[in-house]
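1. Here is a sequence together with a model predicted from it:
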Amino acid sequence: MRHTVSCVNAQRRSQVGVAVLLVALVVVGAGSLFIPVTAQARSAQTGATSASLTVDQLPPQGRHVMAQIFKGGPFQYEKDGVVFGNRERLLPASPRGYYREYTVKTPYERSRGARRIVCGGLKPVTPDTCYYTDDHYASFRKIVQ
């Protein structure tokens, strides 16, 4: 009987050891999975964007909005041209009023949708830089000329 209890205890210790090892591997593995997220968050705080695109790579509605921005309007939506607060801090830090947002119409969408162009500069008609987001400010791509 004593031998059976001893074997059962040894088996349980072995199972616990394996479980601890598996948890350690998962934690270490999960930690390496979180490194890119942390790096992404850090780059977001410094104002980095994930990629760039040219005006020609914008959807047709985005190209139209870019042309309207440089003309000074008119814009389709009442909120176009309003100050963009950069609360997400994904764009480079600038004084309040530097960035303005414009809606890029999403086909078949009844509301304003998620697509925007955000431009920064002292004069809205001649922006220093513009960014495109198709996921409602979760990420931005710099528009290069």
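-> Noted; the coordinates are in hand. Numbers count the residues shown, from 1 in each chain.

2. got the contact list for residue 58?
-> Residue 58 makes contact with 66, 104, 132, 143 under the criterion C-beta atoms under 8 Å, 6 or more residues apart in numbering. To be clear about C-beta, it is placed using only N, CA and C from the backbone, and glycine gets the same treatment.

3. quick one: pLDDT of it?
-> On pLDDT, residue 58 comes in at 97.

4. Ok, residue 79 next?
-> Here the pLDDT value assigned to residue 79 is 95.

5. So it versus residue 60, what's the distance?
-> 21 Å (C-beta to C-beta, to the nearest Å).

6. Repeat that for residue 70.
-> Look at residue 70 and residue 60: by C-beta to C-beta, they are 16 Å apart.

7. ok, now residue 123?
-> 26 Å.

8. Buried residues, stretch 125-132. List them.
-> Buried residues in stretch 125-132, defined by neighbour count with 16 or more other C-beta atoms under 10 Å: 127, 129, 130, 131, 132.

9. nearest to residue 89, of the residues you listed?
-> Lowest distance from residue 89 to those (C-beta to C-beta) belongs to residue 131, with 13.1 Å.

10. Confirm that closest one sits in a helix?
-> No: per DSSP: H, G, I helix; E, B strand; the rest coil, residue 131 lies outside any helix segment and is strand.

11. Quick check: closest non-adjacent residue to it.
-> Leaving aside its sequence neighbours, residue 131 sits nearest to residue 140 (C-beta to C-beta, 6 or more residues apart in numbering; 4.1 Å).
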